[in-house]
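Trainee: Task: produce atomic coordinates for the following.
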Amino acid sequence: MTAFRTYPILGAVAAQFLGFAALALVRSGLEAEMGAAAAFWSGLAAQCGVAVLATRLMGLPVWWVFIAAAFPLALAAGLHFETLPAWPFGIAFVLLYLFFSNTARDRVPLYLSNRQTTQALLDLMRQRGARRFIDLGSGMGGVVRALDGDGHVARGVETAPMVWLMSALMSRLTGRGRILRQDIWSTDLSGEDLVYAFLSTEPMAALYDKASAEMKPGSLLVSNSFPVPSIEADEVWELSDRRRTKLYLYEIKEASASRKKSLKRNKKQ
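Mentor: Numbers count the residues shown, from 1 in each chain. From the prediction side, this is the model:
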């Protein structure tokens, strides 16, 4: 299950294979009794149900549940209705780009932090007397809006166009937090007391190097669910939510001069 949470697309594909097996079983069992058409639609319902259930049991984010249900229906519609126009698929592709473009480019899926995680981050800021907070890959901006105010300054950065637009508008309307449309690698972390990331395994080593070189000593990098490879966290907070979320806390030490120079060279390249 850990591999599926790390690479959700693998879990989504596995769920569809299980759903397809359910479709085949239902069709073969009911076709003689109900007829081909009724057996097909019954099997399709079974495929959607099994795919959705498998997705939930794997602990994938909630939007994958909707994808699990919609994919078999879209495929069946395309096969069944020969005159189906092409524009719905074009619209679907555009929407996927607007919401998930950073998944393909940065290999960072869209994850949303839950309320327990947000409360833990707020408690952490209060414990450490932290004032400035930034969410790298802030999604819909819920964490940023929840933490901004009461002496805290919270920002988020997001690259997916529609996700950024919606979250920026919500922050503007509520007057809480600020969402910037920029990638995490061009974001200056030097003024932040707490940097939060809910990304994936892929960028964590590079993010740790960036944070170590830019953040001031004593500040904190917090990673939701994905530890930095080969680096032991200073603390690990396990939350009491359904998925037993783990927050990996890395206190920033003084960066060596050679490490800072290396990061500057990488930026120029």
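Trainee: Number of residues surrounding Tyr248?
Mentor: 21 (other C-beta atoms under 10 Å). Heads up, the C-betas are built off the backbone N, CA and C, glycines and all.
Trainee: I'd guessed it sits against Pro229; true?
Mentor: No. Contact status for Tyr248 versus Pro229: not in contact, 11.3 Å apart, counting by C-beta atoms under 8 Å.
Trainee: what ranges of the stretch 1-150 of the chain fall below the confidence cut-off?
Mentor: Counting by pLDDT under 70, the stretch 1-150 of the chain has low-confidence residues at 1-9, 61-63, 78-112.
Trainee: ok, 80 please
Mentor: 1-12, 27, 30-37, 39-41, 59-64, 66, 74-112 (pLDDT under 80).
Trainee: Which neighbours do Tyr248 and Pro229 have in common?
Mentor: Listed contacts common to Tyr248 and Pro229 are nil; contacts here mean C-beta atoms under 8 Å, 6 or more residues apart in numbering.
Trainee: surely Ile67 meets Ala12?
Mentor: Yes. Look at Ile67 against Ala12 with C-beta under 8 Å: they come within range, at 6.3 Å.
Trainee: Tell me the secondary structure at Ala54.
Mentor: helix (DSSP: H, G, I helix; E, B strand; the rest coil).
Trainee: Just give the number of residues close to it.
Mentor: Ala54, neighbours per other C-beta under 10 Å, totals 22.
Trainee: leaving aside the residues next to it on the chain, what's closest to it?
Mentor: Closest residue in space to Ala54, ignoring its immediate chain neighbours: Ala15 at 4.0 Å, by C-beta to C-beta, 6 or more residues apart in numbering.
Trainee: cool, and Arg56?
Mentor: Val65 (6.2 Å).
Trainee: Identify each buried residue in stretch 117-137, please.
Mentor: 117-118, 120-122, 124-125, 130, 132-137 (16 or more other C-beta atoms under 10 Å).
Trainee: May I have the distance across it, first residue to last?
Mentor: Start and end residues of stretch 117-137 are separated by 15 Å (C-alpha to C-alpha, to the nearest Å).
Trainee: Please list the members of the buried residues of stretch 117-137 that lie in strands.
Mentor: Arg132, Phe133, Ile134, Asp135, Leu136 (DSSP state E).
Trainee: Please identify which of these is nearest to Gly49.
Mentor: Asp135 (35.0 Å; C-beta to C-beta).
Trainee: Return the distance of the strand or helix carrying the residue nearest to Ala54 from the chain's centre.
Mentor: Using DSSP states H and E, the secondary-structure element containing Ala15 is helix 8-34. Distance of helix 8-34 from its chain centroid, counting by C-alpha atoms, centre = their mean, to the nearest Å, is 27 Å.
Trainee: Same check on stretch 182-196?
Mentor: The answer for stretch 182-196 is 18 Å, by C-alpha atoms, centre = their mean.
Trainee: and what of stretch 223-241?
Mentor: Computed by C-alpha atoms, centre = their mean, the chain-centroid distance of stretch 223-241 equals 16 Å.
Trainee: Next: stretch 44-57.
Mentor: 21 Å.
Trainee: sorry, back to before: please tabulate the ones in strands among the buried residues of stretch 117-137 in a markdown table and include distance to Leu180 as additional columns.
Mentor: Listed next are those as a markdown table, based on distance: C-beta to C-beta, whole Å:
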| residue | distance to Leu180 |
| --- | --- |
| Arg132 | 14 |
| Phe133 | 13 |
| Ile134 | 9 |
| Asp135 | 10 |
| Leu136 | 11 |
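Trainee: shaky segments in the stretch 151-269 of the chain?
Mentor: Short version for the stretch 151-269 of the chain, where the test is pLDDT under 80: 254-269.
Trainee: Could I get the full set of strands for the stretch 151-269 of the chain?
Mentor: 153-157, 178-180, 194-197, 220-224, 235-238, 246-251 (DSSP state E, counting those that start in this stretch).
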